[in-house]
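J.: Next input, structure requested:
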Amino acid sequence: MAFNGLISDSSVLSGFDFTADLANLTVSRIIVTILTAALCGAIVYLTYRFFYRGIVYSENFNILLVLTTIVTSFIIMTISANIVLSLGMVGALSIVRFRAAVKDPLDIGFLFWGIAAGLTAGAQLYWVAIIGTVCIAVIYILLTIFKKERRSYLLIVRYIASEEVNVNGLLGNIKYKLKNKTQTGDRIELTIEVKIKNNDVSYVSRFNEIEGVESVTMLEYSGEYMN
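T.: This next block holds a predicted model:
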């Protein structure tokens with residue numbers, strides 16, 4: 001019974017014409033799909049290039065977004081054209097592992113954006129790909145324009161212990177969060193997190209006016225990464 005069932009299943013599979021759908025992959029369809037994916041990738045590229053507000057802008061990652069959009073489009077185009085190729089391609093792609101660290105969660109959003117544009121373009125939903133990409137770009141640009149610019153910084157102050165009162169008096173005028181305080185002999189290193197608007201760091205010079213302050217350092221801070 002099992003053998004007969006196997007023969008029956010194989011005969012059913014042999015009844016399918018796996019090359020029939022490949023005839024639909026005309027040169028014009030391939031060109032339109034790739035051009036649509038390239039257009040969507042260009043929109044993603046320009047949005048990332050001129051309106052990115054993450055930690056560190058990476059030109060290589062931006063180029064990767066364009067390539068991801070185009071590559072995804074012709075993968076989906078191939079999968080939709082032939083069931084045998086789709087099964088083989090899914091098996092091949094399942095063994096691929098990417099272990100590159102993503103420094104900013106915002107980069108993941110751009111990567112999914114490029115993949116989504118490539119998926120819709122490869123599925124021949126050209127207007128969906130273009131309109132969806134434009135809408136996402138407009139929404140992101142508006143969010144970056146109207147978002148209040150308030151960045152976090154690490155302020156590192158090194159001073160003599162005898163100036164503790166003066167430093168604390170100056171800190172009382174700003175909002176901060178203590179990160180670390182180290183004392184070695186009569187030397188103190190204080191690390192605090194402060195948030196400022198419009199890059200206003202004028203109060204940093206006030207620490208230098210204290211005679212016992214040896215150095216003041218300010219670093220842009222976002223989670224685990226600093227600039």
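J.: Show me the chain divided up by domain.
T.: As recorded under automatic domain parsing, the domains making up the chain are 2-146, 150-226.
J.: got the buried residues for the longest helix along the chain?
T.: Longest helix of the chain, by residue count under DSSP state H: helix 27-51. Going by neighbour count (16 or more other Cβ atoms under 10 Å), the buried part of helix 27-51 is 33-34, 36-41, 43-45, 47-48. The C-beta positions use only the backbone N, C-alpha and C, and glycine is treated the same way.
J.: Now render those residues as TSV, adding pLDDT.
T.: Shown next, in TSV, are those (pLDDT from 0 to 100):
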residue	pLDDT
Thr33	91
Ile34	92
Thr36	94
Ala37	94
Ala38	95
Leu39	95
Cys40	95
Gly41	95
Ile43	95
Val44	95
Tyr45	95
Thr47	94
Tyr48	93
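J.: Which element, helix or strand, includes the residue most central in space within the chain?
T.: Nearest to the geometric centre of the chain sits Asp107, at 0.2 Å (Cα atoms, centre = their mean). Assigned by DSSP states H and E, Asp107 belongs to helix 105-122.
J.: Packing partners of the very next helix or strand once past that helix?
T.: Using DSSP H and E, the helix or strand that follows helix 105-122 towards the C-terminus is helix 126-146. Contacts defined by 3 or more Cβ pairs under 8 Å, 6 or more residues apart in numbering; DSSP states H and E place helix 126-146 against helix 27-51, helix 105-122.
J.: Please state the offset of stretch 33-44 from the chain centre?
T.: Put simply, stretch 33-44 sits 18 Å off its chain's centre (Cα atoms, centre = their mean, to the nearest Å).
J.: Residues contacting it, please?
T.: Residues outside stretch 33-44 that contact it (Cβ atoms under 8 Å, 6 or more residues apart in numbering): 65-70, 72-74, 77, 110, 113-114, 117-118, 121-122, 124, 126, 129-130, 133-134, 137.
J.: start to end distance for stretch 160-174?
T.: Start and end residues of stretch 160-174 are separated by 21 Å (Cα to Cα, to the nearest Å).
J.: got a list of what the nearest residue in space to Glu163 that is not next to it in sequence touches?
T.: Setting aside the residues directly before and after it, Glu163 is nearest to Gly212 in space (Cβ to Cβ, 6 or more residues apart in numbering), at 3.2 Å. Going by Cβ under 8 Å, 6+ apart, Gly212 touches 159-160, 162-163, 166.
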